[in-house]
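Chemist: below are the sequence and a predicted model; questions follow.
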Amino acid sequence: MKQNLVLIGNGMAGMRTIEELLKLDDEKYSITVFGEEPYGNYNRIMLSPVLANEKTIDEIMLNDEQWYADHGITFYKGLKVVDVHRNRKQVVAEDGTTVPYDKLLIATGSTSFMLPLPGADKYGVIGFRDIHDVDMMIETAENYKKAVVIGGGLLGLEAANGLMKQGMEVTVVHLMDSLMERQLDKPAAKMLQASLEEKGMKFLMGYATEEILGGERVTGLKFKNGEQIDADFVVMAVGIVPNIDLAKQIGLHCERGIVVSDTLQTFDPNIYAVGECVQHRGIAYGLVAPLFEQAKVAANHLAELGIARYEGTVTSTMLKVTGIDLFSAGDFHGDEDTDELLFHDVANGVYKKIVLRDDIIVGTVLYGDTIDGTWYFQMMKDGTNISDFRNTVLFGQAHLGDAGHGDETRVAAMADNAEICGCNGVCKGEIVTAITEQKLFTLDDVRAHTKASASCGSCTGLVESLLAHTLGGDYSQAPSKKPLCGCTDLTHDEVRAGIRKLGLKNHDDVRQSLDWKTADGCAVCRQATNYYLLCENPDYNDPQSRFINERAHGNIQKDGSYSVVPRMFGGMCTPQDLRAIADVAEKFKVPEMKVTGGQRIDMFGVKKEDLPAMWKDLSAAGFVSGHAYGKAMRTCKTCVGDTWCRMGTQDSTGLGIKLEELTWGSWMPHKYKLAVSGCPRNCAEATIKDFGVVCVDSGYEIHVGGNGGIKVRVTDFLVKVETEEQVLEYCGAFSQFYREDAHYLERTAPWIERVGLEKIKAAVVDDEENRKALYERFLVSQKPAQIDPWKERAEGVDAHMFTPIKIKA
Amino acid sequence: MQLRQQCWQFTRFTEILLRDETMSDWLEITTLDEIPVLGSRVVETDTVTIAIFRGKDNTLFAIKDECPHKKGPLSQGIMHGDSVTCPLHNWKISLVTGEALGPDEGCTHVYETKVEDGKVFLRNQAL
Ligand code: SRM
Ligand SMILES: Cc1cc2nc3c(=O)[nH]c(=O)nc-3n(C[C@H](O)[C@H](O)[C@H](O)COP(=O)(O)OP(=O)(O)OC[C@H]3O[C@@H](n4cnc5c(N)ncnc54)[C@H](O)[C@@H]3O)c2cc1C
Ligand code: SF4
Ligand code: FES
């Protein structure tokens, strides 16, 4: 028997909950939906572009009536619910329709707050909330000229802009002396006002309305200071009130909104509530991003999975007025304990402010150049410590040591034919066209359709900026939590926590216990989960969930052949070593050899079937795999050091060999490189490695989080130590902490930028006991990892992989 | 449209049958347990290289071992459901139709398979 689920209010939050629920379980409930408005559900936030003639009503419909029918949902449109009998579990509508429920979902949204002024009930005075209001505005604009908008907030300005586009003369009346005071500080508000005035909008700042004048229809406004103004039409946009009349009437506990728990339950456990009508941990939200997160959690509980919790959302704001770029988030006023970073270019109309508390972003306001808004916002949510790039952060992400791109990467200013993605040759124009024409909303969409950012990923920031720039307010709909891939709603951290907490042992376990949407997962999540599983159980390995390089222990080349890179510890070699490699290369007719950037020798173009035999010869000569193919420890680059060099201070080659002996074979979230330089001249380039050591007279400086490659990043200095033993301990501990904390495919550089160096110091430097424990765990997991994969395969492991089945004529 | 048709066509993959028409169309290739679950084996004939995949429920798929994008060896990819992700540039290819999935376009040949008594057969269908 199916249970009955009834939804009151088919707005953005309520229907999103239903959609999420259907994705999780479309069998459990027979669903009934009541909506007071006479249509299916639509994208309310797009009413502003509709009013501004930039979109049509049809374009903003989310689910039409047919959709409800197709999903077997009983839909009562244009019918208001007036009562709920909680004891009998029945919902009663205006016309007497009575529907029983097992679970009830209330999502009645909010209503425009109408100032209780004398004359506020006159014809021609409306709020700005629904299609009906917009129709009314468009109709009025055909016959009348003068509009007044009361309220200079987000909604008021969008209404004013729209009415202006409809040909009306618009005056905005605002009580405060500065626009959008909840989202903007004074300088930004001033710039905004100036650009709107340039477009023809008029402002009465610091004016309080006393009375609305007219007969049956409004004719004007009178202010407290005695002044008057003519008006044919008044839009009140002074705020919203959660629509909780029904909830109160039926005795649910309400304060400002309907009070709900972290599972979106009201005080009646059979009644859930989501959207603008609820109050969660004291907050009633008025933007869609938090409501969508609530919808996910509510759906999760309605489907009786019961694993999700809603813990509140940090929101950001953009204004949907074409031609005006504005971004604001968090606490942008600050207090005595905060610092302010400020950039103000009056002539070019650019203003940027970042508020910092202890070098962590707590708020930001951007005007005129909002490209980096999403980046700042992400760091704010992540609590990233920005001390390392504090003096350049205002110049944006593009400025962060983006070697070779530099200032060109200013998305807004870029020409349409400017190349964004170097790997796939995708230009700005192509991306923008794809976003608008194919209605793309997410980075993944853009990757799939244009290939931009789908390869090395170095242009991801640019593509995200382009998305934000092209979509404006819409992009904020992107959930603040980023799922690991399309197969799950969980983030990297959540998947990892799930594996740890539930003690999951294999892929099937993970996908079942954590409710994967696909039976086998996909190439993205399988590799990530495999890593997380391996991290918890060092013996674990599911070859079919690993990239071919790690399965075949070689690097696949463009023609399907493989490369072979034997490990040369610390780059040291003997004539015998070189002779053995030369013999192997000749015996297997290796087409090409090369000295790599990692101080060893690469043999290219080897046929897969030849690999085991070739490895056998190499093992016999004492070589092990160089893991040049793996998300693994790659190389430890060294310089000659004090053995020969006149500048050398320590035995850098010797230490390099010890470090490589310690770490070889270890699986990592991404590639992991080491280096040891014998003096600060740093010939081994230790300061662009994941773990680098620079020897000095008095000991060893340890540096972490460097990156050559795509985006050069210089290491952060971690600590200085005195003995080689300490270097080894720090190396093991740091590596282990990285392995346990970073997301799969996150190299040390972006990881450190995300979590902040402080966190790493706290775990590895300040807490000795923890360092020793991390080191110990590293050593334990190295035991199975240091069985040479080549030797094993030369002896027959996975033989089926290397031998084709031949069918001959 | 033309592409699609070509895609669906099962193709002859070896010359032997041309000489001996009496032989069965079905060729024994290997045994089921020689193919790893969610993995593949490579079959080389005198004219073409084929990848045979084995799904979780032991469904078999045979597909020309050549990605429609830049000829990547699909046998080396990661299999999931009834598709495989190419190891070179991550195109997703349907193992049922040989077509590229998602926004990508292109296709490769597919071949018929069957399992009897744990033995795996490929069908050498005439053009
Ligand atoms: C062979 C080698 C180039 C050479 O001829 O010297 C090489 C070859 C490849 N590199 Fe590299 N890298 C090689 C040294 C480097 C270095 C220099 C170094 O290690 O000192 C760098 C910059 C330093 C760094 O990593 O920070 C480097 C940064 C990259 C990157 C960018 C990584 C990044 O985080 O920014 C990639 C792409 C990736 O990993 O996603 C990459 C990816 C690749 C791949 C694996 C491309 C691929 O995915 O198939 C290339 C494999 C070629 C093949 O068919 O075998 N390679 N690569 C070098 C092997 C070193 C070794 O002995 O293992
Ligand atoms: C013009 C405009 C622009 C906006 N721009 C943005 C923006 O850029 N970004 C952003 O994040 N947010 C924006 N918002 C806010 C966003 O639209 C709301 O946060 C969101 O729609 C709230 O969703 P909800 O489901 O809680 O309420 P609603 O979408 O209002 O849905 C509630 C529904 O319940 C119905 N209902 C109420 N009572 C009953 C009853 N008793 N019986 C039956 N049905 C009932 C109502 O008719 C309504 O259709 C904007 C809002 C407006 C009006
Ligand atoms: S070896 Fe490295 S730099 Fe050279 S083409 Fe390959 S990935 Fe690019
Ligand atoms: S060759 Fe298969 S994706 Fe490029």
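Modeler: Happy to help now that I have it. Ligands and ions are numbered 1, 2, ... in the order given.
Chemist: can we go C-alpha only for contacts and neighbour counts from here?
Modeler: Will do.
Chemist: excluding chain neighbours, what is closest to the closest residue to ligand 1 within chain B?
Modeler: Of all residues in chain B, the one sitting closest to ligand 1 is residue B:88 (8.1 Å; Cα to the nearest ligand atom). With sequence-adjacent residues excluded and distances taken as Cα to Cα, 6 or more residues apart in numbering or on different chains, residue B:88 is closest to residue B:72, at 5.8 Å.
Chemist: residues contacting that neighbour?
Modeler: Neighbour list for residue B:72: A:558, A:559, A:560, B:65, B:66, B:86, B:87, B:88 [criterion: Cα atoms under 8 Å, 6 or more residues apart in numbering or on different chains].
Chemist: A helix includes the first one, no?
Modeler: Put plainly, it is residue A:558. No - looking at residue A:558 with DSSP: H, G, I helix; E, B strand; the rest coil, it is coil, so not inside a helix.
Chemist: sheet partners, orientation included, of the helix or strand where residue B:79 lies?
Modeler: Assessed by DSSP states H and E, residue B:79 sits inside strand B:78-80. Applying DSSP bridges, strand B:78-80 is found paired with strand B:83-85 (antiparallel).
Chemist: please see if the strand it pairs with touches ligand 4.
Modeler: No - Strand B:83-85 stays clear of ligand 4 (Cα under 6 Å from any ligand atom), getting no nearer than 7.7 Å.
Chemist: wait, a strand at residue A:518?
Modeler: No - going by three-state DSSP, the assignment for residue A:518 is coil, not a strand.
Chemist: secondary structure class for the closest residue to it other than its chain neighbours?
Modeler: Take residue A:518 and drop its neighbours on the chain: the residue closest to it by Cα to Cα, 6+ apart is residue A:487, 5.7 Å away. Per three-state DSSP, the local secondary structure of residue A:487 is coil.
Chemist: surely residue A:487 and residue A:517 touch.
Modeler: Yes - with contacts counted by Cα atoms under 8 Å, residue A:487 reaches residue A:517, the gap being 5.1 Å.
Chemist: okay, the two: which has more neighbours?
Modeler: Using other Cα atoms under 10 Å in any protein chain shown as the criterion, residue A:487 and residue A:517 rank with residue A:487 on top: 19 against 15.
Chemist: mind listing what the more buried one touches?
Modeler: Contacts of residue A:487 were listed using Cα under 8 Å, 6+ apart, and they are A:516, A:517, A:518, A:521, A:522, A:525.
Chemist: buried among the residues you listed? Make that a ChimeraX selection.
Modeler: To isolate the buried ones among those in ChimeraX, judged by 16 or more other Cα atoms under 10 Å in any protein chain shown, type:
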select /A:516,521,522,525
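Chemist: rewinding a little: can you give me the offset of the strand holding residue B:79 from its chain's centre?
Modeler: 14 Å (Cα atoms, centre = their mean, to the nearest Å).
Chemist: is ligand 4 contacted by that strand?
Modeler: No - Strand B:78-80 does not reach ligand 4 (Cα under 6 Å from any ligand atom); its nearest approach is 11.7 Å.
Chemist: if we can go back for a sec, which two of the contacts of residue B:72 have the greatest separation?
Modeler: A:558 and B:65 (14.1 Å; Cα to Cα).
Chemist: neighbour count winner among those two?
Modeler: Just comparing residue A:558 and residue B:65: by other Cα under 10 Å the higher neighbour count belongs to residue B:65, 23 against 15.
Chemist: hmm, the more buried one is touching residue B:47, no?
Modeler: No - with contact defined as Cα under 8 Å, residue B:65 does not count as touching residue B:47 (11.9 Å).
Chemist: which neighbours do the two share?
Modeler: By Cα under 8 Å, 6+ apart, no residue touches both residue B:65 and residue B:47.
Chemist: buried stuff in the host helix or strand of residue A:771?
Modeler: Taking DSSP H and E as the criterion, residue A:771 maps to helix A:768-785. By 16+ other Cα under 10 Å, the buried positions in helix A:768-785 come out as A:770, A:771, A:772, A:774, A:775, A:776, A:777, A:778, A:779, A:781, A:782, A:785.
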